[in-house]
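# using only what follows, build the 3D model:
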Amino acid sequence: MVFKYGIDKLTSASALAIASGSLSGVIDTFAMSKVKKSCSHIDEIVNNEQVVYGVNTGFGPLCDTKISAADTTQLQHNLLKSHAVGVGNLVSPEISKTMLIIKLHALCMGYSGIRPRTIARILWMIDHNILPCVPEQGSVGASGDLAPLSHLFLPLIGLGEVYYKGQITRTEAVLKKKNLEPLTLGPKEGLALINGTQFIAAHAVQAIAKLHNLLDAADIIGAMSLEGLMGSIKPFDPRLHHLRPFQGNQYVANRLWTLLKDSAILQSHVDCKRVQDPYSLRCMPQVHGASRTAWLHLKQLLEIELNAVTDNPIILGSRDTISGGNFHGQPLAIPLDYVAIAAAELGNISDRRSYLIIEGRYGLPKLLIQDAGLNSGFMIPQYTTAALVSENKGLCFPASADSIPTSLGQEDHVSMGSISGRKLNRIIDNLQYILAVELLYATQALDFRHPLQSTPILQACHREVRKVVSYASEDRIFAYDINALKQVIANGVLVNTANQAAKDNQITLNKDEYEQFRLS
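Have a look, this model is predicted:
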């Protein structure tokens, strides 16, 4: 199975599959014919001396400055060099590769005037993991992600640095080793390469995949916490959620009901006098569900963006070009900021469940350890979740609420969507640790319910945790446990364990009616 750039629909899942090497991307003859046609339009524009922005004019506030036909190539090379002003840490090779994939797909739609040899070189970089080094700071998320995309494509003209065989290497050295020459860009090519939202979109792709895993993990870990605290399943009754039918809420309620149904722990306290559980247990469908809904909204908008042309100007014909604003990042910036809140709230409610578990209520020992006093037990890991939750709250300030004019006022409203994407991924990284602490607590709490057993799914998850983190009867360095469980969560091991246990026990954990909440 292959993905056809410029033809097939690109999704976050397929972009990640191409990036990982599990799916091959190709440029078929139809896509290449569209590229060649668009390129021919550019040649006609240059030959006829029509004035078109970025083809034979300067850029930004220099849009009224005419450039001669002889200087159009130098104009494009100067553009890449002058706009490569990114600073800060480098984005990961995965982000860099995802940017290349998304940009190549957009260029192959045939509206950018890019040349076939440039398309072929970008595909070669993807296929051979020659991945540009891109600083993460410097984009304002409008006029395209100019700085990061300039760094992304400096290697085409033999400049900049790339990740090559696990090392950061000068592009010139890699091209020499591969017996390749730098490209000479044609008219408009530099502008086509750096005009676009691919930095924002690549961060959104990463966030969509990571957060999807954490949404599933949060339901599993929350159910384990509820069992450890001997909570009630009644708040997840489908009849209740039929009366307030938000699909995200219904989906989470169904998952929690399925995870907990027929648990021996639940049956052991069915007649207890506890009337209602605290909100962090009882309201998981409402809170986790709202975060699911936010995730779904971003996924839907991202799929539009992944299959959009965000270049400027758009080349429809040799005498039909449109200068517009498809490069503006606002359509993704706002939902990225919105999902940042959704991700942070998953951590907020998780921290509250962790706090509940160590309080010494509902038959659990204070601080989850028998000899508290001599041992501090599980007191301090919750400090870590509190710190991370607070940090996430600070990161929730919407970058898209800000705009600073650039380009001498020509670009007088910008999205800051690049910051939105980076912040969201930082929040998600913090969330992995917050959930790891709750998983540490929930697993220890379940041990105190022995010999009572939970459901097959939750017991399988408990066993998986105990493969890497043992029961604690005395103080130890819990940072090792937190980091180990963070990996269990981040690598998808916990969610895969739950899904496999559901399959093995013929339990439907994710109903087909909620297909839209799947990663695709």
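# what residues sit buried inside stretch 229-244?
229-233, 235-236, 241 (16 or more other C-beta atoms under 10 Å). Just so you know, the C-beta spots here come from the backbone N, C-alpha and C atoms, and that holds for glycine as well.
# got it, and stretch 267-284?
277, 280-284.
# picking that back up, list just the nearest of the buried residues of stretch 229-244 to G360.
L229 (11.3 Å; C-beta to C-beta).
# my read: the closest one touches F448, true?
No - in this structure, L229 is not within contact of F448 by C-beta atoms under 8 Å, at 10.4 Å.
# and for these two, which residues touch both?
The contact sets of L229 and F448 overlap at L364 (C-beta atoms under 8 Å, 6 or more residues apart in numbering).
# check the buried residues of stretch 229-244 and tell me the two furthest apart.
Using C-beta to C-beta, the pair of the buried residues of stretch 229-244 lying farthest apart is M230 and H241, separated by 22.5 Å.
# surely V469 is in contact with I482?
No - counting by C-beta under 8 Å, V469 stays clear of I482, with 9.0 Å between them.
# what do those two both touch?
Common contacts of V469 and I482, defined by C-beta under 8 Å, 6+ apart, comprise L440.
# which residue is nearest the centroid of this protein?
A207 (1.3 Å; C-alpha atoms, centre = their mean).
# dump the residue contacts of the closest residue to N375 other than its chain neighbours.
Nearest residue to N375 in three dimensions, chain neighbours excluded: D475, at 4.6 Å (C-beta to C-beta, 6 or more residues apart in numbering). Counting by C-beta under 8 Å, 6+ apart, D475 touches 369, 375-377.
# who wins on neighbours among the residues you listed?
Neighbour counts for these, by other C-beta atoms under 10 Å, peak at G377, which reaches 23 neighbours.
# and it, its phi and psi?
Phi and psi for G377, reported as degrees, to the nearest 10, are phi 60, psi -140.
# pLDDT on stretch 370-385, on average?
The average pLDDT within stretch 370-385 is 95.
# measure it end to end?
Start and end residues of stretch 370-385 are separated by 23 Å (C-alpha to C-alpha, to the nearest Å).
# could you do stretch 370-377 as well?
Criterion C-alpha to C-alpha; first-to-last residue distance in stretch 370-377 is 9 Å.
# how about residues contacting it?
358, 365-369, 472-475.
# please tell me how far that stretch is from the chain's geometric centre.
Its chain's C-alpha centre and that of stretch 370-377 lie 40 Å apart, by C-alpha atoms, centre = their mean, to the nearest Å.
# cool, and stretch 470-477?
Using C-alpha atoms, centre = their mean, the offset of stretch 470-477 from its chain centre is 34 Å.
# and F3, which of the three is it?
The three-state label given to F3 by DSSP: H, G, I helix; E, B strand; the rest coil is strand.
# need the contact list for it.
Taking C-beta under 8 Å, 6+ apart as the criterion, F3 is in contact with 10, 14, 17-18, 23-26.
# check contacts around the residue nearest to the centre of the chain.
298, 336, 339, 421, 424-425, 428.
# going by distance to E44, which of those wins?
G421 (37.4 Å).
# count the residues that sit near the closest one.
Using other C-beta under 10 Å: G421 sits among 32 other residues.
# over to H297?
There are 15 residues near H297, going by other C-beta under 10 Å.
# if I've got this straight, it is in a helix?
Yes - secondary structure assignment (three-state DSSP) places H297 inside a helix.
# quick one: residues contacting the residue lying closest to it once chain neighbours are set aside.
If the residues on either side of it in the chain are set aside, H297 comes closest to P335, at 5.8 Å by C-beta to C-beta, 6+ apart. Applying C-beta under 8 Å, 6+ apart, we find P335 in contact with 294, 297-298, 301.
# and the spatially closest residue to H41 that is not a sequence neighbour, how far from K234?
Leaving aside its sequence neighbours, H41 sits nearest to S318 (C-beta to C-beta, 6+ apart; 4.4 Å). Distance, S318 to K234, by C-beta to C-beta, to the nearest Å: 68 Å.
# same question for L316.
Counting by C-beta to C-beta - L316 and K234 are separated by 60 Å.
# save the buried residues of stretch 267-284 as JSON lines, and put in pLDDT too.
Supplementary listing: the buried residues of stretch 267-284 in JSON lines, determined by pLDDT from 0 to 100:
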{"residue": "D277", "pLDDT": "96"}
{"residue": "S280", "pLDDT": "98"}
{"residue": "L281", "pLDDT": "98"}
{"residue": "R282", "pLDDT": "98"}
{"residue": "C283", "pLDDT": "98"}
{"residue": "M284", "pLDDT": "98"}
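# how about stretch 454-473: buried residues?
The neighbour-count check on stretch 454-473 (16+ other C-beta under 10 Å) flags 454-462, 464-465, 469, 472 as buried.
# okay, that stretch in PDB with CA atoms only?
The C-alpha trace of stretch 454-473 is given here as PDB (Å, rounded to 0.1, in the frame of the first residue of the first chain):
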ATOM      1  CA  SER A 454     -11.000  -6.000  39.300                       C
ATOM      2  CA  THR A 455     -12.100  -6.700  35.700                       C
ATOM      3  CA  PRO A 456      -9.900  -8.700  33.300                       C
ATOM      4  CA  ILE A 457      -8.900  -5.500  31.500                       C
ATOM      5  CA  LEU A 458      -7.800  -3.600  34.600                       C
ATOM      6  CA  GLN A 459      -6.100  -6.600  36.100                       C
ATOM      7  CA  ALA A 460      -4.100  -7.000  32.900                       C
ATOM      8  CA  CYS A 461      -3.100  -3.300  33.200                       C
ATOM      9  CA  HIS A 462      -2.100  -3.900  36.800                       C
ATOM     10  CA  ARG A 463       0.100  -6.800  35.800                       C
ATOM     11  CA  GLU A 464       1.800  -4.800  33.100                       C
ATOM     12  CA  VAL A 465       2.600  -2.000  35.600                       C
ATOM     13  CA  ARG A 466       4.100  -4.600  38.000                       C
ATOM     14  CA  LYS A 467       6.500  -5.800  35.300                       C
ATOM     15  CA  VAL A 468       8.400  -2.500  35.600                       C
ATOM     16  CA  VAL A 469       7.400  -1.100  39.100                       C
ATOM     17  CA  SER A 470       7.100  -3.200  42.200                       C
ATOM     18  CA  TYR A 471       4.800  -2.800  45.200                       C
ATOM     19  CA  ALA A 472       6.300  -0.400  47.700                       C
ATOM     20  CA  SER A 473       6.500  -1.400  51.300                       C
END
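# I'd like the average pLDDT over it.
98.
# give me the distance from that stretch to the chain's centre.
Chain-centre distance of stretch 454-473: 28 Å, with C-alpha atoms, centre = their mean.
# and A343, what does it touch?
211, 214, 291, 392, 424, 427-428, 431 are the contacts of A343 under C-beta under 8 Å, 6+ apart.
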